[in-house]
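Trainee: Need the 3D shape of this:
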Amino acid sequence: MASQMFTRLGDKVKTMKALINLGDFNKVITYANNARVPEIYILAANFLQTADWHQNGQLVTTIISFYK
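Mentor: Below you'll find the predicted structure:
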């Protein structure tokens, strides 16, 4: 609910932080891809590193692409 409110207000960084607090990796990846803002990519990549990315090859490529 907070992420929807921040989206309506146009604050992309606070929206990403609200999604990170939810802990849903898919929503974080989707929002980062749609926002296309360098700050958002870095926040998302840092968050995704907390996941079990050693076992998931797709997650590794997503993290690398966000940092690029």
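Trainee: Low-confidence stretches in this protein?
Mentor: 2 (pLDDT under 70).
Trainee: so the residue located most distally from the centre of the chain, which of the three states?
Mentor: Farthest-out residue of the chain from its mean C-alpha position, per CA atoms, centre = their mean: residue 55, at 19.1 Å. Under DSSP: H, G, I helix; E, B strand; the rest coil, residue 55 falls in the coil class.
Trainee: repeat for residue 20
Mentor: Quick answer, by three-state DSSP: residue 20 is helix.
Trainee: what sits against residue 6?
Mentor: 12, 14-15, 18 (CB atoms under 8 Å, 6 or more residues apart in numbering). Where C-beta positions appear, they are placed from N, C-alpha and C, glycine not excepted.
Trainee: sec struct for it, please.
Mentor: helix.
Trainee: quick one: it from residue 58, how far?
Mentor: Here residue 6 is placed at a distance of 27 Å from residue 58 (CB to CB, to the nearest Å).
Trainee: Run a quick neighbour tally on the nearest residue in space to residue 12 that is not next to it in sequence.
Mentor: Setting aside the residues directly before and after it, residue 12 is nearest to residue 35 in space (CB to CB, 6 or more residues apart in numbering), at 5.2 Å. Other residues near residue 35 come to 18 when the count uses other CB atoms under 10 Å.
Trainee: Many thanks, we can stop here.
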